[in-house]
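J.: I need the structure of the sequence given here:
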Amino acid sequence: MAKNKIQFQKGMSILDFMDQYGSEKKCRSALFRFRWPNGFICPKCGNKTYCEIKKRNVFQCHRCHFQTSVTAGTIFHSSNLPLTKWFLAMFLMTQGKNGISALELSRHIGASYNATWRLKHKLMQVMLEHDSTKKLTGRIEIDDSYLGGKRAPGKRGRGAAGKTPFVAAIETHDGKPYCMKLSRIKGFQLTEIARWSNHHLSPHSNVVSDGLACFKAVEKANCSHERHVVGGGKKAVEHPSFKWVNTILGNLKNSLRGTFHTFQPKHIPRYLAEFQYRFNRRFDLQNLLPRLAYVAVRTPPMPDRLLTLAEKEW
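T.: I've put the predicted structure just below:
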């Protein structure tokens, strides 16, 4: 049996990581390249000439004398943690298939749990914001799912108390999964699915669903709707039309259950975004970290007080 090229591809080894990002100087130089790939540009006046004040790690514009740093105005803004810890966290969050909890991450990077939790959630926010504008296209499998709530005894599935609803959708090409969307929503109503569809689906896509009534709303986004009413239970899960969305949902829930055990419902969008971000970039593991760092310096600061607020549904 031939090896799966994606599964057995070469990622970034620990030695590779240390060679590229093993010191504060290397991390700062990398952020400079990611933020200003064509050379320094003053964020105030746009001038390209500058001098570096090394004792303070800032750059001063020759024209307006405005001072800035590689982290100012980015997700790294005002952090007291060394950049080496940020980069090590990005490495551990991107190279593992099932992610890593804040508690385990804190042990690896040598920081307190609270500081690590904030760091991790800021990086997950980067993932959430970066993928929020990308739309699925072509053939798309879609399904309803839930996280959390009372396990036993109690009602399971749709309508169960305390559960957080989310949409799982996956774009397929030539019978293989390509890109996914995992989005928390308010509920499975026509208006909510219509709003979600307009935001996340490209017009003229072909959406395949299990016939749940609310999924008819994808037509509001100029998508065709292919319904397969299969009922519930094992028969529905094994239906070939939903092979990939059901596989992804199973992997997602096993990952969340095994890695995080529990988390607050208001933070669910970030946990979904982290799983989604890794999956959608699984074709190029070696560049996952630099790609994340590249978008991180283009993501506005996330004050700690905002990290504890509930996120919008999608």
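J.: distance of the closest residue to Ile193 other than its chain neighbours from Leu103?
T.: Nearest residue to Ile193 in three dimensions, chain neighbours excluded: Ala217, at 4.0 Å (CB to CB, 6 or more residues apart in numbering). Every C-beta, even on glycine, is put in place using the N, C-alpha and C of the backbone. Computed as CB to CB, to the nearest Å, the Ala217 to Leu103 distance reads 40 Å.
J.: could you do Asn251 as well?
T.: In terms of CB to CB, Asn251 sits 22 Å off from Leu103.
J.: quick revisit: compare neighbour counts for Ala217 and Leu103 and give me the winner.
T.: Counted by other CB atoms under 10 Å, Ala217 and Leu103 do not tie: Ala217 has more neighbours, with 22 against 12.
J.: mind checking the SS state of that one?
T.: helix (DSSP: H, G, I helix; E, B strand; the rest coil).
J.: cool, Asp144 as well?
T.: Asp144 is classified as strand under three-state DSSP.
J.: so what's it bridging to?
T.: Val167 (DSSP bridges).
J.: what about it, how many residues nearby?
T.: Neighbour count for Asp144, taken as other CB under 10 Å: 20.
J.: all strands for the stretch 51-200 of the chain, in order.
T.: Assigned by DSSP state E, counting those that start in this stretch, the stretch 51-200 of the chain shows strands spanning 58-61, 67-68, 139-147, 164-173, 176-184.
J.: and the nearest residue to Leu92 once chain neighbours are set aside, what pLDDT?
T.: Sequence neighbours aside, Ile100 is the residue nearest to Leu92 in space, at 5.2 Å (criterion: CB to CB, 6+ apart). For Ile100, the model assigns a pLDDT of 94.
J.: report the contact partners of Ile100.
T.: For Ile100, the contacting residues are 92-93, 108, 259, by CB atoms under 8 Å, 6 or more residues apart in numbering.
J.: and the furthest pair within those?
T.: The largest distance within the contacts of Ile100, taken as CB to CB, falls between His108 and Thr259 and amounts to 13.8 Å.
J.: quick one: which of the two has more around it?
T.: Taking other CB under 10 Å, His108 and Thr259 do not tie; Thr259 has more neighbours (17 against 14).
J.: so that one makes contact with Ser101?
T.: Yes. The pair Thr259 and Ser101 qualifies as a contact (CB atoms under 8 Å) at a distance of 5.6 Å.
J.: chain neighbours aside, what residue packs nearest to the residue of the chain most remote from its centre?
T.: Within the chain, the residue lying farthest from the chain centre (CA atoms, centre = their mean) is Arg63, at 38.7 Å. Excluding the flanking residues, the one nearest Arg63 by CB to CB, 6+ apart is Asn47, at 4.0 Å.
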